[in-house]
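Asker: My questions concern the predicted model and sequence given below.
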Amino acid sequence: DGYLIHGERNLYFAKPAAAEGEEPQQELLYNLMNERPSQFFRWDGKVFIIDGANYLVYDGQTCAPVVGKIPRVMIGGTPAGGGTQFEQFNLLQDKWEQSFRGTSTDKVYQLAQTGLDSTPVVVKKARLSGNEVVWDTLVENTDFTVNRTAGKVTFNTAPGEPVLDQEDNIIITASKNGQEGRNRILHCRVGMAFGMNGEENQWFLTGNPGYPNELYWCEAGDPTFFGDLQFAVLGQDDSAIVSLSSLNTYIVAHKDRASGRSYVCAPSYQEINELLVPQVTVAKVLTGCGCIAPYASQSMGEPLFLTDTGIQTITNKELTSEEMTTSRGERVNRRLLTEPGLENAVSCVFGYYYLLAVNGNVYVLDRLNPMEESTALNSNYQYNAFFWNHIPAVCFLVDGDRLLFGTDEGEVMEFYTDEGNSMSYSDNGEG
């Protein structure tokens with residue numbers, strides 16, 4: 001067991017010391033990381049990582065850029081380019097497939113895109129060998145030619161009818177430079193696991209400076225596939241989505257102070273261009289102060305996020321109101337709001353506690369012991385709160401009942417859990 005650690009330009013796999021007195025082990029996995037906070041998503045035994053410049057996957061052995069799934073965008077294709085749409089184009093992949101039902105007379109087959117790049121086009125053609133279907137690979141400029149500008153494939157000899165009744169007998173794989181689409185994902189800086197009915201089988205991404213008001217999400221169960229129809233434009237592009245959180249079965253996109261809005265969105269499937277596509281529908285737009293810290297938002301039975309007026313939330317009651325003004329940090333807000341650089345605050349949920357760290361201080365909200373607070377605007381209760389200092393956390397990691405944090409000096413530290421050990425109260429030997 002070990003941990004993935006992002007420090008400056010490097011990503012490491014680190015193992016704690018096996019015994020007291022031994023040194024921890026670390027392995028450099030990748031040395032082209034972006035020097036800014038990264039986000040992680042675990043799925044199917046792999047870890048997917050965004051950092052505002054890269055989209056990477058760690059498979060337990062190596063770390064490399066994600067290779068997007070090649071979608072089959074059309075089936076039952078006709079030589080003229082008709083057919084049935086089957087999958088979306090993938091923003092992470094230049095290539096796509098189309099399958100056709102060939103004829104004995106047509107030599108020219110129209111693809112779904114024009115302006116192909118120089119990547120060789122690959123064609124597979126079905127034939128019967130006994131009772132089995134065998135797919136032969138045809139070679140460009142030997143068996144067929146390609147008009148890349150028009151997106152047309154011309155066979156030397158008409159490929160013939162399907163070898164099995166009504167089944168496609170030609171599969172064409174083509175490619176078009178999609179760097180602009182890829183950058184929409186690669187430059188995202190904020191991610192959250194979510195999905196329909198609250199499942200965490202999709203990764204929702206935002207925080208791309210080039211598309212500040214857009215939210216993206218992958219296919220359910222496949223972080224290598226971000227369909228070109230799977231995005232939402234929330235409000236105007238002069239105000240950015242800063243962070244994400246969740247409220248029951250809704251995903252919430254918190255915009256900046258220029259907008260002050262939180263978009264409460266419901267994931268669902270919708271039919272678009274004959275395809276059943278994962279989408280989000282805006283259920284409610286709530287107006288407040290605007291989120292200021294992308295990594296201070298958490299979900300702890302309700303969404304918590306940081307604004308210019310302190311820690312706030314959205315309650316179920318407010319889904320029927322016009323404004324969002326509920327405060328949850330009244331017992332720490334006065335001290336918290338004196339901190340410089342609040343946009344750099346980071347947070348986590350550990351057990352029943354919300355921890356927000358900035359400038360070596362940690363502000364703690366206790367969910368188990370809420371108390372009524374009549375002075376808090378439109379709030380039924382406030383959390384009990386605590387203030388910790390001398391904790392230079394710039395990121396957190398919750399690992400079961402263990403709480404770790406990283407420092408700007410490149411250290412990884414862990415809170416003691418042994419109440420009977422005097423070292424548990426020594427502030428790393430300084431107390």
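Answerer: Cool, got the structure.
Asker: Quick check: Gly52 touching Arg36?
Answerer: Yes - the criterion here is C-beta atoms under 8 Å, and Gly52 meets it with Arg36 at 5.3 Å. In this view, the C-beta of every residue, glycine as well, is placed from N, C-alpha and C.
Asker: more crowded one of those two?
Answerer: Taking Gly52 and Arg36 together and counting by other C-beta atoms under 10 Å, Gly52 has the greater number of neighbours (19 against 10).
Asker: hmm, back to that, what residues are shared contacts of Gly52 and Arg36?
Answerer: Residues within reach of Gly52 and of Arg36 at once, by C-beta atoms under 8 Å, 6 or more residues apart in numbering, are Arg189.
Asker: Secondary structure element for Tyr363, which one?
Answerer: Tyr363 is part of strand 361-371, with elements assigned from DSSP states H and E.
Asker: oh, I was asking about Leu306
Answerer: Assigned by DSSP H and E, Leu306 falls within strand 303-307.
Asker: for that strand, the distance to its chain's centre please.
Answerer: For strand 303-307, the separation from the chain centroid amounts to 19 Å (computed by C-alpha atoms, centre = their mean, to the nearest Å).
Asker: That one relative to strand 361-371, how many degrees between them?
Answerer: With axes from the mean of the first three to the mean of the last three C-alpha atoms, to 10 degrees defining the directions, strand 303-307 sits at 130 degrees from strand 361-371.
Asker: Could you identify the helix or strand that succeeds strand 303-307?
Answerer: Towards the C-terminus, the helix or strand next in line after strand 303-307, according to DSSP H and E, is strand 310-313.
Asker: So which bits of that next one are buried?
Answerer: If you call a residue buried by 16 or more other C-beta atoms under 10 Å, then strand 310-313 has these buried ones: 310-313.
Asker: Return the list of helices and strands in contact with the longest helix seen in the chain.
Answerer: With secondary structure taken from DSSP state H, the chain has its longest helix at helix 179-186. Taking 3 or more C-beta pairs under 8 Å, 6 or more residues apart in numbering; DSSP states H and E as the contact definition, the neighbouring helices and strands of helix 179-186 are strand 214-217.
Asker: next SSE after the longest helix of the chain?
Answerer: With elements assigned by DSSP H and E, the helix or strand that comes after helix 179-186 is strand 190-194.
Asker: Near Thr307, how many other residues are there?
Answerer: Here the count is done by other C-beta under 10 Å, and Thr307 has 25 residues near it.
Asker: Tell me the bridge partners for it.
Answerer: Cys291, Gly310 (DSSP bridges).
Asker: so what's the closest residue to Gly360 other than its chain neighbours scoring on pLDDT?
Answerer: The shortest distance from Gly360 to any residue other than its chain neighbours is 4.8 Å, reached at Pro392 (C-beta to C-beta, 6 or more residues apart in numbering). Per-residue confidence at Pro392 stands at 96 (pLDDT).
Asker: shouldn't Pro392 be in contact with Asp408?
Answerer: Yes - between Pro392 and Asp408 there is a contact at 6.8 Å, judged by C-beta under 8 Å.
Asker: Tell me the spacing between Tyr269 and Gly351.
Answerer: Using C-beta to C-beta, to the nearest Å, we find Tyr269 at a distance of 35 Å from Gly351.
Asker: quick one: the closest residue in space to Tyr58 that isn't next to it in sequence and Leu205, what's the gap?
Answerer: Spatially, and ignoring its direct neighbours in sequence, Tyr58 is nearest to Val47 (4.4 Å; C-beta to C-beta, 6+ apart). Separation of Val47 from Leu205 (C-beta to C-beta) stands at 15 Å.
Asker: Look at those two and report which has more neighbours.
Answerer: Leu205 (28 against 16).
Asker: What residues are bridge-paired with the more buried one?
Answerer: Beta-bridge partners for Leu205, by DSSP bridges, are Gly191, Tyr216.
Asker: What of Tyr250?
Answerer: Partner residues in beta bridges with Tyr250: Leu247, with DSSP bridges as the criterion.
Asker: how much space between the residue nearest to Gly360 and Glu414?
Answerer: Taken as C-beta to C-beta, the span from Pro392 to Glu414 is 14 Å.
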